[in-house]
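Novice: A predicted structure for the sequence below; I have some questions about it.
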Amino acid sequence: MKTLHHAIRLLYTGRGQTARWFRYALVSFDTLTIVYFIISITWPQTGLLSAIDTALGILILLDLAARFWISEDRRKECLRLYTIADLLVVASLLLAPIFTDDLAFLRVLRGLRLIHSYHLIRDLRCDSRFFRLHEDAILAAVNLFVFIFVMASLVFVVAFGNAAGTEAYVDALYFTVSTLTTTGFGDITLTTPGGKLLTVFIMVVGVGLFLQLARAIFQPSKVRHTCPECGLNRHDLDAIHCKHCGEPLKIETEGST
């Protein structure tokens, strides 16, 4: 068991090439499941879809179990945002046939796993210069993407119902985007008290995420490097001294191109 534990731990946290490819494979799996969840939310439940949902639920549960098994702080692991999201996703996949298909909108929360992983971010910083230069914008875009589709799926369930079809889901997505941008065309509205509160939530949280993305795109590029004196970890690309305390910095660069 110790050998197996060590092998799994290396796959999830190691710095070797095999571990990196394993984590990128997990990201590919996460991406495919998200696309499937977004597309299938409007499909009628059939025996084949139920079997696929169950298989995906078991795979995600095995991934969660492996992460929990190798974690040094299991209590902290349980409280992580993407762990809670994955537990909700597993519940929606394995328990929905028992309770209700309205849990389907929770599956889009799987998107939180895409980027909210320390080891994945570390790999991307090491392997991708594009990610290093645009990390804040990429993280903000992923957060906004997840929020939009979770809210659109929730609006779809609340206002239209799962049997409404693809056109209704497009209407829900259209309503979500027009609401969080505060455009508010008014051709589609939620009239119930719960629907109005959901609309307010979309506007308040969505505007904040949009501003975060815009700031990440248009603000000057920064590099992550922790100052040994004061701990400031965001600096100009060509900085040789910390702007906060004046400590000399030795920021690694890739040289001239």
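Specialist: Great, that's in hand.

Novice: in stretch 4-15, what counts as buried?
Specialist: Buried residues in stretch 4-15, counted by 16 or more other C-beta atoms under 10 Å: Arg9, Leu11, Tyr12, Thr13, Gly14. Placement of C-beta: from N, CA and C, glycine included.

Novice: typed the wrong thing, it's stretch 76-88
Specialist: The neighbour-count check on stretch 76-88 (16+ other C-beta under 10 Å) flags Arg80, Tyr82, Thr83, Ala85, Asp86, Leu87, Leu88 as buried.

Novice: ok, so what distance separates the first one from Thr199?
Specialist: Distance, Arg80 to Thr199, by C-beta to C-beta, to the nearest Å: 29 Å.

Novice: per-domain residue ranges of this protein.
Specialist: Listed domain ranges for the chain are 1-133, 139-219, 221-257 (source: automatic domain parsing).

Novice: As JSON lines, those with mean pLDDT would be great.
Specialist: Putting those into JSON lines (pLDDT from 0 to 100) gives the following:
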{"stretch": "domain 1-133", "mean pLDDT": "80"}
{"stretch": "domain 139-219", "mean pLDDT": "82"}
{"stretch": "domain 221-257", "mean pLDDT": "74"}
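
Novice: And for whichever strand or helix holds Thr176, what's in contact with it?
Specialist: Here Thr176, judged by DSSP states H and E, is contained in helix 166-180. With contacts defined as C-beta atoms under 8 Å, 6 or more residues apart in numbering, helix 166-180 is touched by 41-42, 147-149, 151-153, 155-156, 159-161, 184-185, 188, 190, 199, 202-203, 205-207, 209-210.

Novice: can you rerun that using 6 Å?
Specialist: The contact list for helix 166-180 (C-beta atoms under 6 Å, 6 or more residues apart in numbering) reads 42, 148, 151-152, 155-156, 160, 185, 188, 199, 202-203, 206.

Novice: Among those residues, which lie within helices?
Specialist: For these, the ones inside helices are Ile148, Met151, Ala152, Val155, Thr199, Ile202, Met203, Gly206, with DSSP state H as the criterion.
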